[in-house]
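*Asks:* Predicted structure and sequence below. I'll ask about it afterward.
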Amino acid sequence: MSDLTSLVDEVAQRVEEPAFEGIIRRARTRRVRRVGTTVTAVGLAAVVSVLALSSTSGRPRALPATHQPTSVAATGRPPEQIVNGRNASPGRTWVAPERSGQLVARAWSQCADDTLTVRECEPTQLLGVWEVTDAAGRHMVVPSGYDEGRVAYAGHGVWVLRPASTTTPSLATAVAASTSLSAPVALGLDPARTIGMEAARGRPHVTCPDAPGSNCVVDLVTGTLVPIDGLPAGDWAITNDAGWWGVLETGQAVVEQSDGRLLRPQLYELVASPTRVFVEDALDGAVGWYLSNEEDLLPTTPVRALLSTDRGHTWTLRSVPETARAAREWVTELAQDPFVMRAVLPDDWRTWPVLDRP
Amino acid sequence: MREDEDPIRVIYDASYRRLVGQLYAVCGNRGDAEDAVQEAFVQAVYHRHRFLEMDRPEAWLRTVALNRIRKGWRHGAVARRVLSRGVTPPSAADFGLSPDHVDLVDALGRLTPVLRETFVLHYVVDLPVASVAAELNVAEGTVKARLSRGRALLADLLSDREGADHV
């Protein structure tokens, strides 16, 4: 394949590298346009200050008091005032993969000088928060850090939010937020503690930070992320009240049975599919994935759903009709996120044409 | 921090041209390749701290750039160009490439996008099969099958070229 290598070398020699300053300019423009970002260190300190104020003994614990407030705290502006505040702008929105579709996290930002719009604001003066809302209109606001941070839905209405860090990511920066909590919960790691698979079942959980393939339970009482012991490395569904199910690192499906045994069905379609999206919160306890074949790069590519309603003993492969727009949009956005993709399954999925019963 | 001390600039200087070359081999279009790589660097600057925490920043840049190319395929504009087989003029003229390389780009353009992507990651980026599988989120067997199919197709497409069986 030396021809291929020499092709790339020849192209590389002939490419004119644009000025790096142009890249910087584009990123800065986007930062202001998309909002929800910027502010070095500031947001993290704001998280600290809010948590310190809102936590009480015996309740979820706050971050250590060694973190010093910085300019955000110095503005004295309550995070609540940023949401829908004067000249504040909404940023990215995350919708939890729940059938209600009404658990939402949204990034907001506002200029410290609220006479200025976000566009007009100096990046160092931007203030950011996440707002978590539910169907009942309840909400919780958590200061975000530099950048939009990392947002993961853990199930049971709990979001795990990680402000971007100016240093190496630390578990201490993770925060659990939920409209059912009275205050955000700072999450640390107790390295000596693990939890068994069965004890972890039905509890909020996320991929352990900085440890892809491993999962952690979100313990809201102790304010810790607890690694799950005995759960094979892989991607796991959030919906696991009836047992764990997911995809092992080998690409093999696995579904926990009522007796705790892990059934490992041979699903060629799953292994061979370059894309897979977990179906969560499905009607009738269905488990499975949206799949696309290896030609999925084109808009006309069929999308299929591989589903089981008997804990993995039998499966049906169905064609997702073009009219199921929401389902298809989840799949076509796949490549934008390197992490586990999750979607909901419309209640009328049984009307979708059956392609196969693998 | 002075801009000339920016660690992303160091990566930019070291990786930009190489990435454009790799992406060009995937998409066969100079503009798309350069746009995709520049967009990846914009994302890197935009997510500066997260980016600088990565073990393999060039791999991340490549993934972001590939995603942009894929998105273009999905949205049809590039797909139409790629799929208009036998009609597209040799886009390798973009760079004034040698005739052999023009033929090669033309042949690559006749592979399906996934085959081309798999091929480039393995033979150009020099990733082992397991890493290609991880990067594309497919089984190793799928990668091997694609490589085998791609080799056969390329050999066929280039059969009228001297040394084509060495591609």
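*Replies:* Perfect, thanks for sending it.
*Asks:* Need the residues that contact stretch B:33-44.
*Replies:* Contacts to stretch B:33-44, defined as Cβ atoms under 8 Å, 6 or more residues apart in numbering or on different chains, come from residues A:15, A:18, A:23, A:26-27, A:30, B:8, B:11-12, B:16, B:19-20, B:23-24, B:26-27, B:51, B:57, B:60-62, B:64-66, B:68-69, B:72. C-beta here means a position set from N, CA and C on the backbone, and glycine is covered the same way.
*Asks:* In ChimeraX, how would I select the buried members of those?
*Replies:* Those of the contacts of stretch B:33-44 that count as buried under 16 or more other Cβ atoms under 10 Å in any protein chain shown are selected in ChimeraX with:
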select /A:15,23,26,27 /B:8,11,12,16,19,20,23,24,26,27,51,57,60,61,62,64,65,66,68,69,72
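*Asks:* helix/strand/coil for residue A:141?
*Replies:* Three-state assignment for residue A:141 (DSSP: H, G, I helix; E, B strand; the rest coil): strand.
*Asks:* likewise residue B:25?
*Replies:* Here residue B:25 is helix, with the state taken from three-state DSSP.
*Asks:* Leaving out chain neighbours, which residue sits closest to it?
*Replies:* The shortest distance from residue B:25 to any non-neighbouring residue, by Cβ to Cβ, 6 or more residues apart in numbering or on different chains, is to residue B:120 (4.7 Å).
*Asks:* Phi, psi for that neighbour please.
*Replies:* phi -70, psi -40 (degrees, to the nearest 10).
*Asks:* my guess is it meets residue A:11, correct?
*Replies:* No - using Cβ atoms under 8 Å, residue B:120 is not in contact with residue A:11, being 11.8 Å away.
*Asks:* Check the spatially closest residue to residue A:303 that is not a sequence neighbour and give its pLDDT.
*Replies:* Excluding its sequence neighbours, the residue lying closest to residue A:303 (Cβ to Cβ, 6+ apart) is residue A:320, at 4.2 Å. For residue A:320, the model assigns a pLDDT of 88.
*Asks:* doesn't residue A:352 make contact with residue A:320?
*Replies:* Yes - the pair residue A:320 / residue A:352 is scored as a contact, 6.2 Å apart, by Cβ under 8 Å.
*Asks:* which residues are common contacts for these two?
*Replies:* Common neighbours of residue A:320 and residue A:352, using Cβ under 8 Å, 6+ apart, are residue A:305.
*Asks:* Tell me which helix or strand in chain A has the weakest average pLDDT.
*Replies:* Least confident element among the helices and strands of chain A, by mean pLDDT, DSSP states H and E: helix A:42-54 (a mean of 34).
*Asks:* And the helices in chain A, which stretches?
*Replies:* Along chain A, counting by DSSP state H, helices occupy A:2-14, A:20-34, A:42-54, A:71-75, A:197-200, A:268-272, A:325-332.
*Asks:* Which of those has the lowest mean pLDDT?
*Replies:* When I compare these, helix A:42-54 is least confident, with a mean of 34.
*Asks:* Which pLDDT value does the model give the residue positioned nearest the centre of chain A?
*Replies:* Central residue of chain A (Cα atoms, centre = their mean): residue A:152, 2.8 Å from the mean position. pLDDT, residue A:152: 86.
*Asks:* give the contact list for it.
*Replies:* So residue A:152 contacts A:159, A:160, A:206, A:207, A:339 (Cβ under 8 Å, 6+ apart).
*Asks:* now with 10 Å?
*Replies:* A:94, A:105, A:158-162, A:174, A:204-207, A:209, A:218, A:238, A:339-340, A:342 (Cβ atoms under 10 Å, 6 or more residues apart in numbering or on different chains).
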